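Asks: From the sequence below, what's the structure:
(chains A and B)
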There are 2 protein chains.
Amino acid sequence: MPSNQQILLAARPQGFPKLTDFRQVETPLPEVTAGHFLVRTLYLSVDPYMRGRMNDRKSYAPPAQLDEVMIGGAVAQVVESQHDKFQPGDLVVGMFGWQQFALSDGTEVRHVSTGSAPISTALGILGMPGITAYCGLLEICQPREGETVVVSGAAGAVGSIVGQIAKLKGCQVVGIAGSDEKVEHLTTELGFDAAFNYKTTDDYYGTLKQLCPQGIDCYFDNVGGPITDAVFGHINVNARIAICGQISQYHAEKLEQGPRLFWKLIEKQARIEGFLVFQFIPQFRAAIQQLTEWVETGQLKYRERITEGLENTPQAFLEMLQGKNTGKQLVKVAEVE
Amino acid sequence: MPSNQQILLAARPQGFPKLTDFRQVETPLPEVTAGHFLVRTLYLSVDPYMRGRMNDRKSYAPPAQLDEVMIGGAVAQVVESQHDKFQPGDLVVGMFGWQQFALSDGTEVRHVSTGSAPISTALGILGMPGITAYCGLLEICQPREGETVVVSGAAGAVGSIVGQIAKLKGCQVVGIAGSDEKVEHLTTELGFDAAFNYKTTDDYYGTLKQLCPQGIDCYFDNVGGPITDAVFGHINVNARIAICGQISQYHAEKLEQGPRLFWKLIEKQARIEGFLVFQFIPQFRAAIQQLTEWVETGQLKYRERITEGLENTPQAFLEMLQGKNTGKQLVKVAEVE
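Replies: This is a model prediction of the structure:
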């Protein structure tokens, strides 16, 4: 009898997650019933938002459940179908979870349409991270030509796209990242005007002052904490801050303390707005279309860090949380057939 | 030779201001030159924003200067004029400062137009605080019928108007204030649905939970600090937070620390925006018109706390900062002639 390899959430992390918070099991392959189809996972996505779902706390989505398959997006291939819209051989993207095979009724599953780009980009630049960057920057920050845009987590799946789109819109772009290699990548390959390594910089405030002589008009924040405090010190009148992620805070067992800075928002008549990619569903199609065009013309570049093997998904997830990836972190589970 | 009584900024406050931070002097009455006019102060306004101007720190406006007349708005009467637009006897409102007489070239001076309401309201409900409440609430918070609106500093000049306008817009309104008498005033006289005294309440979070069973859609913040932290715990999806003031923070010698809560903005796709009344200049006329109508029909109520005598302006200012006023704190300097 054919079987399925699955990775379950074994324990809720205390602080930074560990490999033992996950457990791999072998289960029988599910049977395909009417209106359903079975997919074989090709690529799994590991993303910062998953850290939040591992906590037993209701947020915008229910938490991942203990002893159940860890949630996550994947590119997969249909192997068997009793569903009108999905045929064997179809390449699809959906929330299939950390497993070799998944049964689906088609909810929130779409066909992969990455044009000439590899199918893995359906989880990155031409998928959720790309849409997050595109809509978050253009809808929340609304950057105008000549403005200064700062991005934290700038070498990650989302940040690296945000900075490039801001450049396409004629902005001065400054990235904040966690290694010299990432900083080099941002400024030489992705066209950022400047970047700095926050792990080897003591004075974020002074560094930003030097790199943003005109002040900061837009800030796209993936990180939070002291980096964001320093950005506050340089915001211009009418600044727009998009809060996409707060990865510096996700592992805290209790709320971290920081300086109270809301008075600065009054002085600068500035706006902070948190967002989730789902609020932009009506714009998804247009976003993907524009991103695809930019990728095909070479105006948007991307990197993927691909870990091999389903069994290495927890390790890939931890490495992504540690910032070892430049660009999108993926796990390759199987080849297209 | 006629003289002028003036109150100067004598020292920059360390922490909470003291009477000795001010000094009263007698100076010669200024001479009226071409294009200028002389006014006699009738009512002076003391406002929270003045605390910020006492610091030697550039903000949205330059700081008040040491040994110069303390800045501030006033209702005054023209006594002598070489200016086309202002004639002796005219009642005007402008930034005349803490003094008996002031010379003006007409910059940012307008004629008092309070209809049947007392001229003092040109410094309160029909002046800057009224416009701040009206535009801040309607433009930044954009409350919709049936939503829950929370106001901090709810019994102050701005907060008391915010809550009443929110009621006129069909919202559930909860006020936070600093005495039982203020709480009583809000709920019995001004029509707030509920209010609580933050000075005698330990558990802001639990109290808000009880008073806002549908969560919080709009928050108009005059105060900041732990009250605002507690509000964050109850915001609904798409909540709008207007930062009008942060009076709890103005006396801090160094930045106060508080919990980092920006992740909550992501979860709730919520927005925080700081504002200054000056950004709404194009709406001033319409705002005053609507406020005047509501005052005349009795739909908006207001209170004034009037201290007598220019020499008592510093004391009135300190008492306002201590929250001794319900409604607008004014100083009466002279009678209309």
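
Asks: Run through chain A and note the low-pLDDT ranges.
Replies: A:1 (pLDDT under 70).

Asks: Quick check: residues of it near chain B?
Replies: For chain A, the contact set with chain B under C-beta under 8 Å from any C-beta of the partner chain comprises A:52, A:59-60, A:221, A:224-225, A:228, A:237, A:243-246, A:249-250, A:255-276, A:279. Glycine gets a C-beta too; all of them are placed from N, C-alpha and C.

Asks: So which of those residues are in helices?
Replies: If you go by DSSP state H, these have A:52, A:228, A:262-268 in helices.

Asks: top of the residues you listed by neighbour count?
Replies: residue A:228 (26 neighbours; other C-beta atoms under 10 Å in any protein chain shown).

Asks: thought that residue was touching residue A:216?
Replies: No: with contact defined as C-beta atoms under 8 Å, residue A:228 does not reach residue A:216; the gap is 11.1 Å.

Asks: okay, now the closest residue to residue A:156 other than its chain neighbours: neighbour count?
Replies: Leaving aside its chain neighbours, residue A:156 sits nearest to residue A:222 (6.3 Å; criterion: C-beta to C-beta, 6 or more residues apart in numbering or on different chains). Look at residue A:222: counted by other C-beta under 10 Å, it has 27 neighbours.

Asks: list the contacts for residue A:222?
Replies: A:48, A:151-153, A:156, A:158-159, A:244-247 (C-beta atoms under 8 Å, 6 or more residues apart in numbering or on different chains).

Asks: how about residue A:98, what does it touch?
Replies: Residue A:98 neighbours (C-beta under 8 Å, 6+ apart): A:6-7, A:44, A:69-72, A:310, A:313.

Asks: Most widely separated two among these?
Replies: A:71 and A:310 (14.8 Å; C-beta to C-beta).

Asks: got the domain boundaries for chain A?
Replies: Here the domain assignment for chain A is A:3-121+A:304-332, A:128-278, based on automatic domain parsing.

Asks: Buried deepest among those, which one?
Replies: domain A:128-278 (a mean of 21; mean count of other C-beta atoms under 10 Å in any protein chain shown).

Asks: so how far is the first residue of it from its last?
Replies: Domain A:128-278 has an end-to-end distance of 9 Å (criterion: C-alpha to C-alpha, to the nearest Å).

Asks: do stretch A:84-96 as well
Replies: Length of stretch A:84-96, first residue to last, C-alpha to C-alpha: 19 Å.

Asks: What ranges does the stretch 1-150 of chain A have for its helices?
Replies: Taking DSSP state H, counting those that start in this stretch, the helices of the stretch 1-150 of chain A run over residues A:49-53, A:128-135.

Asks: Throw those helices into JSON lines and include distance to residue B:166, thanks.
Replies: Below are the helices of the stretch 1-150 of chain A laid out as JSON lines (distance: least, C-beta to C-beta, whole Å):
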{"stretch": "helix A:49-53", "distance to residue B:166": "33"}
{"stretch": "helix A:128-135", "distance to residue B:166": "31"}
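
Asks: Of those, which is nearest residue A:79?
Replies: Of all the helices of the stretch 1-150 of chain A, helix A:128-135 sits nearest to residue A:79, with 23.7 Å by C-beta to C-beta.
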